[in-house]
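>>> Requesting a structural model of the entry that follows:
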Amino acid sequence: MAPALSQPLLLFCQAILLGMAAALLYDLLRAFRLRLPRLTSALDILYCMAAGLAVFLFMLRRAQGQLRLYLLLGAVGGGVLFFTAFSPFLRPVWDFWVDTLAFLLHLTAIPLR
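Residues are numbered from 1 along each chain as shown. Presented below is the predicted three-dimensional model:
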C-alpha cells in the first residue's frame, strides 16, 4: 500500500515546488515591470509562455500526460504559499538587484554618449 500512495504524494510535492518556482519568476519580473512600465505586456507574455510550458512539460513527463486535478491544485497552492510566506521578504532583494542592474547599465552606457 505504501508504494501506491508515495508516488502521488511525491508528484503533489513536486507540483507545489513548480507553483513556487512560477511564483518566484513572477515576483522577480514584478520588480522589472514596476521600473519599466512599457515592457509590462512583453514580460507578462514571457511569463505566461514560460509558466505554461513548465506546467505542460510537468504534466506530460511527470504525470504521464494525464491532467490530474490534485497536481493543478498543488501548483496553485505552491504559488499561494510563496506569495504569502516568501514574497514579502524577497521583494526588497529583487528591488535592490534591479536597481543595481539599472545603475550598471547606466554606467556602461556612459561611453556610448
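>>> In the protein, where is pLDDT below threshold?
Where the chain drops to pLDDT under 70, the residues are 1-4.
>>> list the contacts for the residue nearest the centre of it?
Central residue check for the chain by CA atoms, centre = their mean: the C-alpha nearest the mean position is that of residue 22, 2.1 Å away. Residue 22 makes contacts with 51, 54-55, 75, 78-79, as judged by CB atoms under 8 Å, 6 or more residues apart in numbering. For glycine as for every other residue, the C-beta is placed from the backbone atoms N, C-alpha and C.
>>> let's see it at 6 Å
In this structure, residue 22 makes contact with 51, 79, judged by CB atoms under 6 Å, 6 or more residues apart in numbering.
>>> name the element it belongs to?
Using DSSP states H and E, the element containing residue 22 is helix 2-35.
>>> how about that helix: buried residues?
By 16 or more other CB atoms under 10 Å, the buried positions in helix 2-35 come out as 11-12, 14-16, 18-24, 26-31, 33.
>>> Over to stretch 80-89?
Using 16+ other CB under 10 Å as the test for burial, stretch 80-89 gives 82-83, 87.
>>> start to end distance for that stretch?
For stretch 80-89, the first-to-last residue distance is 15 Å (CA to CA, to the nearest Å).
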